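Asker: I would like to see how this sequence folds:
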Amino acid sequence: MDKYEDLFNPSFLNKKGILKPLPSDAAVTMAYIPFQQEPVLYDTEEEALMQGTAFPELDKPFTGKGELK
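Answerer: Below is the predicted model:
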């Protein structure tokens, strides 16, 4: 298995003068995702499929902001 730093520091970045994206001792992080107490669902499976999620509160449409110009 590859070393952790090799996975996130590709060989093309090993040239002189180019900083690696992560230090060799970088730690893997863990996300905290709270449980939904009373989840609200879309009324139909078709609507959930069209929105890409079964939970309306997670429906975050892409606005296109933040793109590089």
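Asker: buried stuff in the longest helix belonging to the chain?
Answerer: As assigned by DSSP state H, the longest helix anywhere in the chain is helix 45-51. By 16 or more other CB atoms under 10 Å, the buried positions in helix 45-51 come out as residue 48. Yep, even glycine has a C-beta here, placed from its N, CA and C like the rest.
Asker: likewise for stretch 33-49?
Answerer: Quick answer for stretch 33-49 (16+ other CB under 10 Å): 42, 48.
Asker: can you tell me how far residue 41 is from residue 25?
Answerer: Distance of residue 41 to residue 25, computed by CB to CB, to the nearest Å: 43 Å.
Asker: kindly report the same for residue 46.
Answerer: In terms of CB to CB, residue 46 sits 48 Å off from residue 25.
Asker: on that earlier part again, C-alpha coordinates for the longest helix of the chain, PDB please?
Answerer: In PDB, the C-alpha atoms belonging to helix 45-51 read as follows (Å, rounded to 0.1, in the frame of the first residue of the first chain):
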ATOM      1  CA  GLU A  45     -39.100   9.300  -4.600                       C
ATOM      2  CA  GLU A  46     -39.200  10.900  -8.000                       C
ATOM      3  CA  GLU A  47     -38.800  14.400  -6.500                       C
ATOM      4  CA  ALA A  48     -35.900  13.200  -4.300                       C
ATOM      5  CA  LEU A  49     -34.200  11.700  -7.400                       C
ATOM      6  CA  MET A  50     -34.600  15.000  -9.300                       C
ATOM      7  CA  GLN A  51     -33.100  17.000  -6.400                       C
END
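Asker: which residues touch that helix?
Answerer: Applying CB atoms under 8 Å, 6 or more residues apart in numbering, the external contacts of helix 45-51 come out as 41-42, 54, 59.
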